[in-house]
Structure formats: C-alpha cells, structure tokens
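Q: Sequence and predicted structure below; questions after.
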Amino acid sequence: MRKLFLFLLFSLFLVGCATQQPRITLESEKLDLGEVVNGEVISRDVSVFNEGEAPLVVDAVSTSCGCTKATLEPMTILAGGVGILHLQFDSGAHGPELTGELMRQVFIASNDPQRPEVVVEVSANVLARLDD
C-alpha cells in the first residue's frame with residue numbers, strides 16, 4: 001500500500017511539472033505614438049511579463065517594416081519575471097513625402113504554447129516637416 005501511495009504521489013508530481021508552462025503578457029499590445037513630424041525618431045519601452053510557471057524563451061523579435069526596430073532584454077524571462085521590449089520608430093525612413101496615419105507591427109515569437117506569436121501594433125500620424 002505504501003509503494004502504491006508513493007507511486008501515485010510521484011506521478012502527480014511529474015504531471016504537475018509537465019504542465020508548468022510560460023505565459024507571455026504585455027503591458028500593451030497597441031502603442032499609439034500620436035502625431036510625429038516626418039524625420040523624428042521615437043523610442044518607447046513596453047514591459048513583457050512571464051505570468052507562467054516556466055521560463056519564457058523568446059526565439060525572435062521582428063518588425064513589419066525597416067522603419068521600426070525592436071529588441072527585447074532579456075530574451076529569456078524567468079517565471080514571474082519581466083523583460084523590456086525596446087521600440088524605435090523612424091518616421092522619416094520612407095522619405096520626407098510620407099505623411100498620414102500608419103501602422104507597423106512588432107512580432108514576438110516565444111515558447112508560450114498558448115500564444116507562440118504576439119503582435120504589438122505601433123501607430124502614428126506622420127505630419128509634414130515644418131521646413132517644407
């Protein structure tokens with residue numbers, strides 16, 4: 001009987017360990033930069049949380065356009081921990097004639113089984129340069 005009890009207890013422990021997973025959440029998945037004069041470079045930081053019970057490993061951070069750069073520090077976030085997504089948007093990257101509303105995306109790929117890719121939408125209203 002004692003061996004059966006120990007076996008069941010050990011089995012429950014293994015099942016509990018196997019179900020521990022990372023869980024990515026972000027401070028915000030929509031970032032509105034507001035009005036930006038063409039040529040300005042805007043930087044923002046967004047907190048990335050691991051609300052799971054296992055380390056969150058980020059495989060890649062990429063963007064939808066060369067005008068937007070993004071990096072995450074650290075790329076592995078321990079359970080209950082936080083990282084910082086550093087975003088930089090260059091409103092003049094497409095030339096001085098680009099104006100109006102636009103939206104770019106930042107993609108975060110991780111080992112979160114429920115959300116293997118998270119998308120942050122970055123929007124801005126690009127205004128004409130004052131010297132034009």
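A: Nice, I can see it. Numbering: from 1, shown residues only.
Q: show me what contacts G92?
A: Taking C-beta atoms under 8 Å, 6 or more residues apart in numbering as the contact definition, G92 lies against 38-41, 98. Heads up, the C-betas are built off the backbone N, CA and C, glycines and all.
Q: Return the members of these classed as buried.
A: Applying a neighbour-count criterion of 16 or more other C-beta atoms under 10 Å, the buried members of those are 38-40.
Q: Looking at the residues you listed, which is nearest G81?
A: Of all the buried ones among the contacts of G92, the one with the least separation from G81 (C-beta to C-beta) is E40, at 32.6 Å.
Q: Give me the secondary structure label for L130.
A: In terms of secondary structure, L130 is coil; the call rests on DSSP: H, G, I helix; E, B strand; the rest coil.
Q: neighbours around it, how many?
A: Here the neighbour count serves as a burial measure; for L130 (other C-beta atoms under 10 Å) it reads 8.
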